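Asks: got a predicted structure here, sequence first:
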Amino acid sequence: MVVVGILNLQGAVSEHLDITKKAIENMGIDGEARTVRYADEVAECDCIIISGGESTAIGKILFEREIDKVIKENDLPVFGTCAGMILLSSKTDYNQPILKLMDIEVGRNAFGRQVDSFEDTINILGYEYSGVFIRAPVLCSYDETKEDIEVLAEYNGEIVAIKQGKNLAISFHPELTEDSRIHEYFINLVLSN
Ligand SMILES: NC(=O)CC[C@H](N)C(=O)O
């Protein structure tokens, strides 16, 4: 049984819930997707998804509620999309609370400054995926000495998907498509030893 917690503090939460449910169904595994808002609810999960939204707001509430501690103490894998990627990083170009779970540095609002959002094809995990970018962060650098880091996708020469151990950071919004394969990939990461 795998319990996927979608952090419900701010942002595109219901979309992640729906697509995670779809991923679990497609995989045919014993699993559950639920939204979580407090540290004790997070502690009952096997992994956490942090949605897009406003990373400063999400980070502030996350630290106030000491959800960071539960994630770290329980070694919970985290999948972050857009604002979630920012929260996974170790450094951003803003002064904001972040989890520092991945050895990546990001720049906020790097894509789509002129236009608020766009959609384009991303090659990821061996297939073509429709990437939705909404004021997305760019990955400025990552620690190349870390053997557990793997770049999963690039777009116009920029890294837009990267994993480190069981943490996954994506600068676009897979929850805004009907395609659950990236969510399935994350759940498989969680299930693998
Ligand atoms: N769609 C998003 O998640 C945008 C992220 C937002 N620009 C931030 O920096 O927090």
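Replies: Cool, the structure landed.

Asks: for the rest of this, base every contact and every neighbour count on C-alpha atoms.
Replies: OK.

Asks: distance check, the residue positioned nearest the centre of the chain against the ligand.
Replies: Taking C-alpha atoms, centre = their mean as the criterion, Gly80 is the residue nearest the geometric centre of the chain, at 1.1 Å. Gly80 sits 9 Å away from the ligand, going by C-alpha to the nearest ligand atom, to the nearest Å.

Asks: who's in contact with stretch 86-106?
Replies: The contact list for stretch 86-106 (C-alpha atoms under 8 Å, 6 or more residues apart in numbering) reads 55-56, 59-60, 63, 68, 78, 80, 107-108, 137-143, 164, 167, 169.

Asks: what residues does the chain have near the ligand?
Replies: Contact residues, the chain versus the ligand (C-alpha under 6 Å from any ligand atom): Gly52, Gly53, Glu54, Ser55, Thr56, Cys82, Ala83, Arg108, Asn109, Ile134, Arg135, Ala136.

Asks: so which of those is surrounded by the most neighbours?
Replies: Ala83 (31 neighbours; other C-alpha atoms under 10 Å).

Asks: just for the protein, where's the confidence low?
Replies: Applying pLDDT under 70 to the chain flags residues 112-116, 193.

Asks: try it again at 90.
Replies: Applying pLDDT under 90 to the chain flags residues 12, 109-118, 193.

Asks: dump the C-alpha coordinates for the top helix by length along the chain into CSV.
Replies: Secondary structure of the chain per DSSP state H: the longest helix is helix 13-27. Extracted as CSV, the C-alpha positions of helix 13-27 are listed here (Å, rounded to 0.1, in the frame of the first residue of the first chain):
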residue,chain,number,x,y,z
VAL,A,13,-3.7,20.8,-5.6
SER,A,14,-6.9,19.2,-7.0
GLU,A,15,-5.3,18.6,-10.4
HIS,A,16,-2.4,16.7,-8.8
LEU,A,17,-4.9,14.7,-6.7
ASP,A,18,-6.9,13.7,-9.8
ILE,A,19,-3.9,12.7,-11.9
THR,A,20,-2.2,10.8,-9.0
LYS,A,21,-5.4,8.8,-8.6
LYS,A,22,-5.3,8.1,-12.3
ALA,A,23,-1.6,7.1,-12.1
ILE,A,24,-2.4,4.6,-9.2
GLU,A,25,-5.3,3.2,-11.2
ASN,A,26,-3.2,2.8,-14.3
MET,A,27,-0.4,1.1,-12.4
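
Asks: packing partners for it?
Replies: strand 2-7, strand 31-36, helix 181-191 (3 or more C-alpha pairs under 8 Å, 6 or more residues apart in numbering; DSSP states H and E).

Asks: could I get the ones you listed as TSV with mean neighbour count?
Replies: Shown next, in TSV, are these (neighbours: other C-alpha atoms under 10 Å):
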stretch	mean neighbour count
strand 2-7	23
strand 31-36	19
helix 181-191	19
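
Asks: how about these in CSV, adding distance to Lys100?
Replies: Formatted as CSV, those follow (distance: least, C-alpha to C-alpha, whole Å):
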stretch, distance to Lys100
strand 2-7, 17
strand 31-36, 21
helix 181-191, 19
